[in-house]
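> quick check, what structure comes out for this input:
(2 chains)
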Number of protein chains: 2
Amino acid sequence: MPRPSRWDDVVAAAARVFSQKGFGGASLEDVANEVGMLKGSLYNYITSKEDLLFAVVRPDAEELLSHARQLHAKDLPASEKLRQIALVHIEIIDRHLPYVSVYVQEIAGRGISQEWTDMDREYMSLVEQVFVEGVGAGDFDSALDTKMAARSLIGALNWMTRWYEPGDPAQARAKAAQLSDIFLSGALARRKG
Amino acid sequence: MPRPSRWDDVVAAAARVFSQKGFGGASLEDVANEVGMLKGSLYNYITSKEDLLFAVVRPDAEELLSHARQLHAKDLPASEKLRQIALVHIEIIDRHLPYVSVYVQEIAGRGISQEWTDMDREYMSLVEQVFVEGVGAGDFDSALDTKMAARSLIGALNWMTRWYEPGDPAQARAKAAQLSDIFLSGALARRKG
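Below you'll find the predicted structure:
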């Protein structure tokens, strides 16, 4: 359906309401109040609450996946790819926290439809490929559990939606570097010789 | 209030219903149907849906916190403490996935009340202390961001509620060892000399 002029406001309001109340606990009336329109007017924009959920989460999910696909095709060391995965993921959280929170809370790993399950799996698989490439090149430890590493990195990134204070790109870059260092080097001191 | 005889069944049913539908999307009627009693009879057990939520999440949250406090007092290397944090956390997920899922989805880091915020913070602080001790002893890298490490470990553990298939204690131990190896040693191959 054509999107009337306040579409972006409606989606932004839905992101705030869903991230605060949860999708199940939020009503279309809550969203209408947040954006300052009558509930009936919302039906010019959507046909159901699910429509709004997918409108909230789709652009960032697609951006993240598109970036991971492009990175996969590049000829870069695995450690650099891991750093870029973390950086782009955290930059999106920094710019769009309420939207990403809704994705993490309501969609990721929850199997709500084949399309979203496929997107989740493809992202997970592209992240795992980074670890697989690193092991293959001899840069990463041959005993590394690549699936566990990918799931743990994605878990640590997604968990940031619960504690990260957004709106500071320099902080986002610093957190990305710290997280990458932990996944690349671990906590143990590396003693020379 | 005194708990009639089917209390454990009611809490188990609530854990399943909340983990499937989300707390906001689930009704007391859903819980009554799941346990096979009339909705009115549920009020012999609880006065509100919130009562049920806290009954679902409290025992495991208290067990996890109690274990972390005991571990804090022990004279063990930080690397061994980290391994035990991961092991106990994953064992609880293995034994009680629906209950832990509800905690992760509805409570952790969401600031729903002072009591739960304090429990979250204490657990986070105890996990961070493990990294701080390791840095202090010279076992862990002096450049480690201990807060980021603790948050990332807890994030990776909590994220397991979205993908872990429970009921296999041997698998739980294996995953705990893999996750600990990643946080201790990182992905990079450690070359000798």
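
> longest helix of chain A?
helix A:78-106 (DSSP state H).

> beyond that helix, next helix or strand please.
helix A:114-136 (DSSP states H and E).

> show me what the longest helix of chain A is packed up against.
Judged by 3 or more C-beta pairs under 8 Å, 6 or more residues apart in numbering or on different chains; DSSP states H and E, helix A:78-106 is in contact with helix A:7-21, helix A:49-72, helix A:114-136, helix A:146-159, helix A:169-185. Glycine gets a C-beta too; all of them are placed from N, C-alpha and C.

> can you give me phi and psi for the residue nearest to A:Ala189 when sequence neighbours are not counted?
Closest residue to A:Ala189 apart from its sequence neighbours, by C-beta to C-beta, 6 or more residues apart in numbering or on different chains: B:Asp141 at 4.9 Å. As for B:Asp141, its main-chain torsions (degrees, to the nearest 10) stand at phi -60, psi 130.

> tell me how many other residues crowd B:Asp141.
Neighbour count of B:Asp141, defined by other C-beta atoms under 10 Å in any protein chain shown: 20.

> over to A:Ile107?
Number of residues near A:Ile107 (other C-beta under 10 Å) recorded here: 22.

> and chain A, what are its domain boundaries?
Using automatic domain parsing, the domains assigned to chain A come out as A:1-47, A:57-185.

> which residues touch A:Ile93?
By C-beta atoms under 8 Å, 6 or more residues apart in numbering or on different chains, the contact set of A:Ile93 is A:Val100, A:Leu157, A:Met160, A:Thr161, A:Tyr164, A:Pro166, A:Ala172.

> quick check: the fourth one touching A:Val104?
In other words, A:Thr161. Yes - between A:Thr161 and A:Val104 a contact is recorded at 4.8 Å, counting by C-beta atoms under 8 Å.

> buried ones in the longest helix of chain A?
Going by neighbour count (16 or more other C-beta atoms under 10 Å in any protein chain shown), the buried part of helix A:78-106 is A:78-79, A:81-94, A:96-106.

> pull the distance from it to the chain's centre.
Averaging C-alpha positions (C-alpha atoms, centre = their mean, to the nearest Å) puts helix A:78-106 5 Å from its chain's average.

> angle of that helix against helix B:97-106?
90 degrees (axes from the mean of the first three to the mean of the last three C-alpha atoms, to 10 degrees).

> just the mean pLDDT for helix A:78-106, thanks.
Across helix A:78-106, pLDDT averages out at 96.

> do stretch A:181-193 as well
Across stretch A:181-193, the average pLDDT comes to 84.

> so the longest helix of chain A versus helix A:114-136, what angle?
Going by the same axes, to 10 degrees, helix A:78-106 makes 160 degrees with helix A:114-136.

> what angle sits between helix A:78-106 and helix A:49-72?
Per the same axes, to 10 degrees, the angle that helix A:78-106 makes with helix A:49-72 is 180 degrees.

> can you list the low-confidence ranges for chain A?
A:1-4, A:191-193 (pLDDT under 70).

> what about 80?
Where chain A drops to pLDDT under 80, the residues are A:1-4, A:190-193.

> just to revisit the earlier point, residues touching the residue nearest to A:Ala189, list them.
Contacts for B:Asp141 (C-beta under 8 Å, 6+ apart) come out as A:Ser185, A:Ala187, A:Leu188, A:Ala189, A:Arg190, B:Val135.

> cutoff 10 Å now
Going by C-beta atoms under 10 Å, 6 or more residues apart in numbering or on different chains, B:Asp141 touches A:181-182, A:185-190, B:131, B:134-135, B:149, B:186.

> how far away is it from A:Ser113?
43 Å (C-beta to C-beta, to the nearest Å).

> what's the answer for A:Glu63, then?
A:Glu63 is 20 Å from A:Ser113, where distance means C-beta to C-beta.

> how about A:Val88?
Distance of A:Val88 to A:Ser113, given as C-beta to C-beta: 25 Å.

> can you check A:Glu80 too?
34 Å.

> and if you look at A:Asn33?
Distance of A:Asn33 to A:Ser113, computed by C-beta to C-beta: 28 Å.

> and the residue nearest to A:Glu165 when sequence neighbours are not counted, how many neighbours?
In this structure, A:Glu165 finds its nearest non-sequential neighbour in A:Gln171, 7.8 Å apart by C-beta to C-beta, 6+ apart. Neighbours of A:Gln171 under the rule other C-beta under 10 Å: 14.

> again, but for A:Pro166
For A:Pro166, the count of nearby residues is 18 (other C-beta under 10 Å).

> contacts only, for it.
Here A:Pro166 is in contact with A:Ile90, A:Ile93, A:Asp94, A:Arg95, A:His96, A:Leu97, A:Pro98, A:Val100, A:Ser101, A:Met160, A:Ala172 (criterion: C-beta under 10 Å, 6+ apart).
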